[in-house]
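Student: sequence plus the predicted model coming up.
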2 protein chains.
Amino acid sequence: MSVGKNIKRVDAFDKVTGRAQYTADLVDEKALIAKVLPSTIAHGRVISIDTSEAEKVKGVVKIVTCFEVPKVQFPTAGHPWTTDPEHQDVADRLLLNEHVRYYGDEIALVIAEDEISAKHALQKIKVEYEEYPILLDPLESIKEGAPLLHEDISPNNILASSSVRHGNYEEAIKEEGLTKVEGWYHLPTVQHAHIEPNVCYAYMEKERVTVVTSTQIPHIVRRVVGQANCLPWGDVRIVKPYIGGGFGNKQDALWEPLCAFASLSVGGRLVFLDTTREETFVNNRVRHAMHAHIISWVRPDGKIAARKLKFYSDQGAYASHGHSIAGKAMGSVNQIYPCKNFEADCYTVYTNKTVAGAMRAYGMPQATFFTEAHTEDICKQMNLDSVEFRRKNSMPKGFVDSFSKNENYYDTYNLLIDKVMEMTDYEEKRKLYDQPQEGPVRRGIGMSLFWYNTAVWPISVETSACRMVLNQDGSIQLQMGETEIGQGADTVFSQMAAAAVGIPVEDVNIVSTQDTDITPFGLGAYGSRQTYVAGFSIKQTGTILKERILENAHRYIRMPVDVLDLVDGKVVRKGDGRVLMSLCDLALSVLYCHEQGNHITAESTYQVKSNAYSFGVSVAEVEVDIPLCKVEILDICNVHDAGNLINPQTSEAQVHGGMSMSIGYGLYEQLLYDEKTGRVLNDNLLDYKLSTFMDHPDMKVAFIENPEPTSPFGTRALGEPPACSPAVAIRNGILQATGVSFNTLPVTPQRLYEGFAEAGLLESDSEISARREHYEKTRDELNKLSQETA
Amino acid sequence: MSVGKNIKRVDAFDKVTGRAQYTADLVDEKALIAKVLPSTIAHGRVISIDTSEAEKVKGVVKIVTCFEVPKVQFPTAGHPWTTDPEHQDVADRLLLNEHVRYYGDEIALVIAEDEISAKHALQKIKVEYEEYPILLDPLESIKEGAPLLHEDISPNNILASSSVRHGNYEEAIKEEGLTKVEGWYHLPTVQHAHIEPNVCYAYMEKERVTVVTSTQIPHIVRRVVGQANCLPWGDVRIVKPYIGGGFGNKQDALWEPLCAFASLSVGGRLVFLDTTREETFVNNRVRHAMHAHIISWVRPDGKIAARKLKFYSDQGAYASHGHSIAGKAMGSVNQIYPCKNFEADCYTVYTNKTVAGAMRAYGMPQATFFTEAHTEDICKQMNLDSVEFRRKNSMPKGFVDSFSKNENYYDTYNLLIDKVMEMTDYEEKRKLYDQPQEGPVRRGIGMSLFWYNTAVWPISVETSACRMVLNQDGSIQLQMGETEIGQGADTVFSQMAAAAVGIPVEDVNIVSTQDTDITPFGLGAYGSRQTYVAGFSIKQTGTILKERILENAHRYIRMPVDVLDLVDGKVVRKGDGRVLMSLCDLALSVLYCHEQGNHITAESTYQVKSNAYSFGVSVAEVEVDIPLCKVEILDICNVHDAGNLINPQTSEAQVHGGMSMSIGYGLYEQLLYDEKTGRVLNDNLLDYKLSTFMDHPDMKVAFIENPEPTSPFGTRALGEPPACSPAVAIRNGILQATGVSFNTLPVTPQRLYEGFAEAGLLESDSEISARREHYEKTRDELNKLSQETA
């Protein structure tokens, strides 16, 4: 069986040798270049645009302004469509916007023969604005009298809100002996920072427009390009080559609608919309900044009796994925720690900031931070053992969610906690660091659980289609609508297909490029859905292909189809395993058969009506240098229950990536805005601090492989989950080390300084001087010693 | 119904605006350039190749010689494969050949950073040969003691031979009162001269090699590239973009195997094998030159009693399509004029000339020339009316071929003759020109029937596969293995698909590019098979798609599927034609259905087990200037019975193209060889004379649309047939005008001079002087007159 094995990634060789081609590698050098004119205010209205000087620039082919685009608002979210208008994504933007809602909003487009001419022309365009006050925080946006971003959509800047009610909170909190723990938690805007920006190029053939683009969701982008440009959707073709990461940013229609519009504006000529890192930070999507307010009522034994929470999610200027992220975040709290008396309200609010969309784990990193920081705060306030608290309150075996019908089939959280404690010497270290620490450098170890659900059923339609084609040599072509975005999807699809058909994995040639003209419909890479959902269509299609193969084999082998099987690329007799014919010989015979020549293929759609839980835990051991306001991660470990692993090695690599991201969320990453202008201050990889491998210890990964019974291959989500819990485990480690609760991420030196100062942990100036003197003396002595030995 | 209508070609706009992309448009500019070293002898053996100086040329990446290629011979013919070794094409060449068999044979390959370096290196390579005597005529090659071209394949240079025997020729010729008519007929080598040479480029992904190439037969080329390079066929991917004509030359693996080899030789780097017109003439394929010897025994009433013939076909250096062309030519004689006592033998013979392969109408232009020139020779010798002879002897209604089981369902030849006579005033003009003509300029009108059969069943497997995909707007994608090669195939496929599904033709988006990784298996463009054969798979697949659509419609409309139909893109009720739902609404609902989301597609292979006759007639009216040895075509007309026409306008255009080619065959085209060296003398479009529209009168075209009962759309061949009969109609016109039988084409001024001289038609020198004097005097008078009037 080809599943459960560490086969090499199918794209490994081409990617490391540079053979693999990305969008910018594919565009013809003679393409026209399109550049976007960004607004220089964060909120207001474009009164006029004077392009007369710009049009004189040599090489300029066409300039289009916000006054000339179709006046049809469109949605950008990478969700499957629905014909039910009630459930369609909010359509609140145009290709270029007169009503400017963030600093950098797209207001005009220059198409030129080359990049220099295009940039030169941009500089020559003169814009007049009417300016409005700006809003940079959802709590400001919802105040009465705040200027409205989308008058037609919301009278109060709230894009959407929702509530959950379980039991009776007000009654429950009357129980005697409860401790009330209350906290505010805050998360900033962060960005995906994938290696390859979303670049795209477009051209026309016949009446149709093709966009080649770095996207996670080609079939969805097709629809949005059609909507934005008022084209029949069948007149749009999206091609997705290899892409350099997405992390959810490319689960949105980003530049594609505008790129198609650019080509349509110049008679179908080839137009390349090359974009910069700065534009990726400012004009694409970011993760929702959020505020959370949580009140928990806890019994003396540590059991949560009632809980109330409010989330405020910062949508930025346009709807994109909108409220679904905050909604999912809110819903998750009562999944990880089910509590009978639960009140939650959440609000997704427009602000004059970068548009927030999908980002790795879709609200779960936020919810995990809020929930698990609050968990430690409870235990600290009540002097409880937080591991025991987690064991007592977390989702038990047998739990069934009333909405999704997901069931927790295993005693997963206890298994995960046991495993991560074993891997990190958690118990011993926790005890050790609980001893009073007095020195400037202190240590702590923190934990965090997370909860995730795989795929999007029953919220959205959940479907995957697959096509397989038998080649003349017995190998197969595999076409999936689901996309490789760097995560290794093609490799696990190939492994599952090999298993489903009964051939060696080397005999599966996956077509990595999606082309909406010919690729079976798939929704793409999001919701960590692909291995789970595509597993169904691969299994189903592989079974159909295998049946067709065996039916044909019957003609040559003259044995009942029932007794035949396909194993490792050979037709065998089930009873004794005797090899009767190679698939290569069979494929040749069938294809070229004079009487019944047949090209054996199979294609099918699987409508998935299930969903699965995915769970995990992180532990981080940290050393905090209090005077230096510096955190070092000494040890970090993630343990996941993602069901069966198709490829343990690539699974581990996936977890490494997520842990690295989450370390960034914990300690470094935040997109900063100028308070007066709303301009992004650190829109580049120098000023926006990502964690790199210099900041990591060796990252430990382990798995509990509880097979998911609803999945054909026993799998559950693993794509996004690794990014959920490490950040807050680090925060909880700092709490143990220093006794300070940092309730705003990232825990930067500035925040540490403020927190330690408030807690009185920082030394006085004279203490610092004394310590420096001591240090220098010691260093001199050491230097002398080492010179003598040398 | 979208069939039978003059819709615009689906590729018209893109082709006239230059948007359509061909192979050379697609190759990356950074590709390595491969150039082939041709042999400078026509027959011999390479003793050594010294590349040391060439390798020093800057920019040279790799040089490979004939000593370094896989020692596995492969076939190149664009035939479907067969697993029966007896029927496989002859494998008689390597990628580069040590045993050199024609002047220009490929012996080494230079791969360089650019073209200049590659050409420079070619000049620096030193080759030592052992030389053998050369053979330029099949009648020479078969002589005893002739040097052998392929010792391992043939002991006498005969690649293959075959015979047909019907009745008893020897007995039949004993009948009293028979006239014996005997003649030799000769046709030269000609070349396809398509606009775009066969260029290709190759690169590797993973372990697989991709070749993008200008070919008619991507799926077949895939197999040959695999065979030549000893690769599993599934590791080869062929992509065919738009191509600029093929005419059968690109129904062979031409440069593709070597191009793949080039990329394999440099670690999978992108290699472009750009080729010249000269290489297209010399290294690709040509039409078989042939000699025919025919003896007919004719009764006084003009009925053929017995017939004996021998064809000698000039294969050139390698087997390519080999004997199948001469065999088909031989077989056709007794189809057009069925004769009970028939003896025929034909031989396909290796010579040291350009390799002969498929060319428009695959032996039929040769057979038509031999048969119809001989027809006029019979009638001339016996003083018979050749129209009456044709009516009496040609295939009658109800004729069934014992091998193919083709039936002639109509009195086709009489209908065709009636029509062409009406269109050309044939009867009146024939009578007029039968009057004695004494002057230097004389006129004649000639006729020729032709016979053709559509597709290749039962000789080869005959199959076509098709895939259709329903888009969100109710349009469909259509994928065919059969190829657009400039002839308009995509347009008629789209029309047939629209009719089969029940949607407007504008809603069919055909995927023009074939990519063997994902395109349904199709054999490609040859045998004028495509409209006929693809008609089956389109009809079948369209019916499946329509059924799936209506089954889904049932869910929304709640009417029995039986009463539903799809008409013009709308679901209607059959009884009253009421429109119940648009296909667009249905497609959206089905795709995004929360409960039963489904991507509606259909794919199927049709194994065709029939074949169809196709017939036609040409008439050419000519004026022959005897002293100037010049022929002018005054009128020319083709009438075809190709069954129903899917698109009358593109059908007419197709006939125009064929007529133009055949005018070239009649009067201008021949590839000339130096008798001593075997070198091609006119390997360019300056010296190789094609007919152009300056040489044509308005070409008349008419159709008799007798529907073909075996075809789902009533169609038969029209691709190649137009090139069969005009050449010999011209020759027959010259015969009427001058009384001279020209039995070798083309009828160049040189041949006319020789023929007229032999017939005593040319004036003496003094007569010419007198005429010139008279002419000049007349001209002077005319000039004077015109000056006076002015």
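Tutor: On my side now, so go ahead.
Student: A:Val590 contacts A:Leu550, correct?
Tutor: No - contact criterion CB atoms under 8 Å: A:Val590 and A:Leu550 do not qualify, at 11.4 Å. Backbone N, C-alpha and C define where each C-beta goes, glycine included.
Student: the more surrounded of the two?
Tutor: A:Val590 (24 against 21; other CB atoms under 10 Å in any protein chain shown).
Student: who's in contact with the more buried one?
Tutor: By CB atoms under 8 Å, 6 or more residues apart in numbering or on different chains, the contact list for A:Val590 reads A:552, A:596-598, A:600.
Student: make it 10 Å
Tutor: Shown in contact with A:Val590 (CB atoms under 10 Å, 6 or more residues apart in numbering or on different chains): A:470, A:472, A:548-549, A:551-553, A:555-556, A:596-600, B:83, B:605.
Student: please pick the buried ones from those.
Tutor: A:470, A:472, A:548-549, A:552-553, A:597-600, B:605 (16 or more other CB atoms under 10 Å in any protein chain shown).
Student: remind me which residues of the stretch 251-400 of chain A are low pLDDT?
Tutor: Applying pLDDT under 70 to the stretch 251-400 of chain A picks out no residues at all.
Student: before we move on, what SS does the residue of the stretch 101-250 of chain A found nearest chain B have?
Tutor: Nearest to chain B in the stretch 101-250 of chain A, going by CB to the nearest CB, is A:Gly234, at a distance of 3.4 Å. Taking DSSP: H, G, I helix; E, B strand; the rest coil as the rule, one finds A:Gly234 in the helix state.
Student: hmm, it is touching B:Leu591, no?
Tutor: No - the criterion here is CB atoms under 10 Å, and A:Gly234 misses it with B:Leu591 at 11.7 Å.
Student: any common contacting residues for those two?
Tutor: By CB under 10 Å, 6+ apart, the residues touching both A:Gly234 and B:Leu591 are B:470-472.
Student: A:Lys143: how many residues sit nearby?
Tutor: Neighbour tally, A:Lys143, other CB under 10 Å: 11.
Student: do the same with A:Leu273
Tutor: If you count neighbours by other CB under 10 Å, A:Leu273 ends up with 31.
Student: with the one 10 residues further on instead?
Tutor: When neighbours are defined as other CB under 10 Å, A:Asn283 has 24 of them.
Student: show me what contacts the residue nearest to it when sequence neighbours are not counted?
Tutor: Residue nearest to A:Asn283 in three dimensions, not counting chain neighbours: A:Gly104, with 5.8 Å by CB to CB, 6 or more residues apart in numbering or on different chains. Applying CB under 10 Å, 6+ apart to A:Gly104 gives the contacts A:36-42, A:278-279, A:281-283, A:317, A:354, A:678-680, A:683.
Student: swap in A:Phe615?
Tutor: So A:Phe615 contacts A:336, A:394-395, A:408, A:410, A:412-413, A:415-416, A:449-453, A:639-643, A:704, A:706, A:716-717, A:721 (CB under 10 Å, 6+ apart).
Student: let me see the confidence value for A:Thr789.
Tutor: We have a pLDDT of 69 for A:Thr789.
Student: hmm, I was thinking of A:Asp765
Tutor: pLDDT, read off for A:Asp765, is 74.
Student: mind listing what's buried in the least confident helix or strand in chain A by mean pLDDT?
Tutor: Ranked by mean pLDDT, DSSP states H and E, the weakest helix or strand in chain A is helix A:765-789, scoring a mean of 78. Within helix A:765-789, not a single residue qualifies as buried, counting by 16+ other CB under 10 Å.
Student: and if you look at stretch A:271-291?
Tutor: Within stretch A:271-291, the residues scored as buried using 16+ other CB under 10 Å are A:271-275, A:279-291.
Student: chain center to that stretch: distance?
Tutor: 14 Å (CA atoms, centre = their mean, to the nearest Å).
Student: could you do stretch A:4-16 as well?
Tutor: 22 Å.
Student: tell me the span between the first and last residue of it.
Tutor: This stretch, stretch A:4-16, spans 24 Å end to end (CA to CA, to the nearest Å).
Student: ditto for stretch A:603-621
Tutor: 50 Å.
Student: list the buried residues of that stretch.
Tutor: Buried, per 16+ other CB under 10 Å, within stretch A:603-621: A:603-608, A:610-621.
Student: just the residues you listed: which are in strands?
Tutor: A:603-607, A:612-621 (DSSP state E).
Student: and which of the residues you listed is nearest B:Lys431?
Tutor: Set against B:Lys431, the nearest of these by CB to CB is A:Glu603 (65.0 Å).
Student: got the contact list for that closest one?
Tutor: A:465-469, A:479, A:520, A:537, A:541, A:544-545, B:467, B:469, B:599, B:601-603.
Student: tell me the spacing between it and A:Ser537.
Tutor: 9 Å (CB to CB, to the nearest Å).
Student: how about A:Ser711?
Tutor: For A:Ser711 relative to A:Ser537 (CB to CB), the value is 12 Å.
Student: of the two, who's got more company?
Tutor: More neighbours surround A:Ser537 than the other of A:Ser711 and A:Ser537, with 30 against 22 (other CB under 10 Å).
Student: wait, doesn't the more buried one sit right on A:Glu482?
Tutor: Yes - the criterion here is CB under 10 Å, and A:Ser537 meets it with A:Glu482 at 8.5 Å.
Student: overlap of the contact sets of these two?
Tutor: By CB under 10 Å, 6+ apart, the residues touching both A:Ser537 and A:Glu482 are A:464-466, A:493, A:520, A:522.
Student: return the member of the residues you listed nearest to chain B.
Tutor: Scanning the shared contacts of A:Ser537 and A:Glu482 for proximity to chain B, where the rule is CB to the nearest CB, the winner is A:Ala465, at 4.5 Å.
Student: on the three-state scheme, that closest one is what?
Tutor: strand.
Student: state the number of residues packed around it.
Tutor: Considering only other CB under 10 Å, A:Ala465 is surrounded by 30 other residues.
Student: got a list of what it touches?
Tutor: A:219, A:479-482, A:519-523, A:534, A:537, A:540-541, A:603-607, B:469, B:591, B:597-601 are the contacts of A:Ala465 under CB under 10 Å, 6+ apart.
Student: let's see that with 8 Å instead.
Tutor: A:481, A:520-522, A:537, A:603-606, B:599, B:601.
Student: could I get those residues as JSON lines with pLDDT and distance to A:Met659?
Tutor: Output for these, formatted as JSON lines (pLDDT from 0 to 100; distance: CB to CB, whole Å):
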{"residue": "A:Gly481", "pLDDT": "95", "distance to A:Met659": "29"}
{"residue": "A:Pro520", "pLDDT": "97", "distance to A:Met659": "34"}
{"residue": "A:Phe521", "pLDDT": "95", "distance to A:Met659": "34"}
{"residue": "A:Gly522", "pLDDT": "93", "distance to A:Met659": "28"}
{"residue": "A:Ser537", "pLDDT": "97", "distance to A:Met659": "30"}
{"residue": "A:Glu603", "pLDDT": "97", "distance to A:Met659": "38"}
{"residue": "A:Ser604", "pLDDT": "97", "distance to A:Met659": "37"}
{"residue": "A:Thr605", "pLDDT": "96", "distance to A:Met659": "35"}
{"residue": "A:Tyr606", "pLDDT": "95", "distance to A:Met659": "32"}
{"residue": "B:His599", "pLDDT": "93", "distance to A:Met659": "36"}
{"residue": "B:Thr601", "pLDDT": "97", "distance to A:Met659": "41"}
